[in-house]
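1. sequence isn't available, so here's the structure alone:
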Ligand code: GDP
Ligand code: CA
């Protein structure tokens, strides 16, 4: 099977690990055998930020490190065995900001990226080059080679202003009331090379439990991506369980765009033209959404077995709904 997955960071990466296990592509990579299954990941780049002259791509790196075995497992982001000497030295020079967790090992990745950017390579080629080392076992491509950044319009005693998503998310823990979330540069951005082709050639699109606004929403906001997916069988996994995000503050993002924090409301927001199937947690059993096949399964990615079972359930539903579509035609 050829599966396309539009993914953010932690939720996307963990789900992808389960999907690789379910498809057996992790074993195939290790033994260097060809496999009939291929996973293409369209990574969110809306969270990208330039700090200290370095272009940082948190979601692409989280997917790459998680699937390549370099992730800090407890944290879910950043490198394993990380140290923060560079960060401390920068702070000693009075360099700002100090709220971003820039690790030493991680910095090497950003330096490689910066050097390739300076040499004129597009982000898609840079991502492929970085994956050469990590061998994530999926094709990882950014949603776009163009610069798109999520900014948040906040309004507090300092006044109404736009700040970078990372400042809102990390520095303010998404606690500053957000009036609006904007995808700067999205209207002019083009999908990265190969993105639309991968969607067209896919047997199914699986939307992982990633942030529906700033991860999945950013990817779907790039011209042509959503449209190409609508023609496919699309199954999504809810990042919301029992009316709350599993980790992180996705509820603050949903509130900012006027969507209720519930599994059903997120499916409705993604749209029945896009979604054919939607997996909700057993806590949300009974959720109904017009025009979408909703099933309940355990959605906590608590360990590798549970995550693989979840990915298998998404695959099974995609196959079932594809067959149903084929029969209907
Ligand atoms: P980020 O870019 O690192 O914020 O990560 P993503 O956008 O990929 O995913 C964040 C979302 O993953 C959050 O909204 C969480 O609710 C969701 N998430 C994290 N762990 C789990 C889990 O075990 N199960 C489910 N269903 N969702 C999860
Ligand atoms: Ca992210």
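-> The structure has been received and is ready for your questions. Being a predicted model, the structure only gives us computed values, none of them experimental. Numbers count the residues shown, from 1 in each chain. Ligands and ions are numbered 1, 2, ... in the order given.
2. in the stretch 151-300 of the chain, which spans are strands?
-> 159-164, 178-184, 204-207, 234-237, 240-241, 244-245, 277-280, 293-296 (DSSP state E, counting those that start in this stretch).
3. let's have these in a markdown table, adding distance to ligand 1 and mean neighbour count.
-> Every C-beta, even on glycine, is put in place using the N, C-alpha and C of the backbone. Supplementary listing: the strands of the stretch 151-300 of the chain in a markdown table, determined by distance: least, CB to the nearest ligand atom, whole Å; neighbours: other CB atoms under 10 Å:
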| stretch | distance to ligand 1 | mean neighbour count |
| --- | --- | --- |
| strand 159-164 | 14 | 13 |
| strand 178-184 | 13 | 17 |
| strand 204-207 | 10 | 26 |
| strand 234-237 | 6 | 28 |
| strand 240-241 | 6 | 22 |
| strand 244-245 | 3 | 16 |
| strand 277-280 | 8 | 26 |
| strand 293-296 | 12 | 17 |
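4. could these be laid out in CSV, adding mean pLDDT and distance to residue 82?
-> Listed next are the strands of the stretch 151-300 of the chain as CSV, based on pLDDT from 0 to 100; distance: least, CB to CB, whole Å:
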stretch, mean pLDDT, distance to residue 82
strand 159-164, 96, 23
strand 178-184, 96, 29
strand 204-207, 98, 30
strand 234-237, 98, 29
strand 240-241, 98, 29
strand 244-245, 98, 25
strand 277-280, 98, 33
strand 293-296, 98, 38
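5. in JSON lines, list those along with distance to residue 95.
-> Shown next, in JSON lines, are those (distance: least, CB to CB, whole Å):
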{"stretch": "strand 159-164", "distance to residue 95": "16"}
{"stretch": "strand 178-184", "distance to residue 95": "24"}
{"stretch": "strand 204-207", "distance to residue 95": "38"}
{"stretch": "strand 234-237", "distance to residue 95": "39"}
{"stretch": "strand 240-241", "distance to residue 95": "37"}
{"stretch": "strand 244-245", "distance to residue 95": "32"}
{"stretch": "strand 277-280", "distance to residue 95": "44"}
{"stretch": "strand 293-296", "distance to residue 95": "49"}
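6. quick one: distance of the helix or strand encompassing residue 312 to the chain centre.
-> Using DSSP states H and E, residue 312 sits within helix 304-328. In terms of CA atoms, centre = their mean, to the nearest Å, the centre of helix 304-328 is found 20 Å from the chain centre.
7. quick check: residues of the stretch 1-150 of the chain near ligand 2?
-> 8-9, 47, 59 (CB under 5 Å from the ion).
8. between these, which is closest to residue 146?
-> Residue 146 lies nearest to residue 47 out of those, by CB to CB, at 14.9 Å.
9. could you find the closest non-adjacent residue to the closest one?
-> residue 58 (5.0 Å; CB to CB, 6 or more residues apart in numbering).
10. got it, and residue 10?
-> Residue 10 sits nearest to residue 76 (CB to CB, 6+ apart), 4.1 Å away.
11. so what's that neighbour up against?
-> 9-10, 13-14, 62, 66, 247 (CB atoms under 8 Å, 6 or more residues apart in numbering).
12. what's the separation between residue 43 and residue 199?
-> Residue 43 sits 14 Å away from residue 199, going by CB to CB, to the nearest Å.
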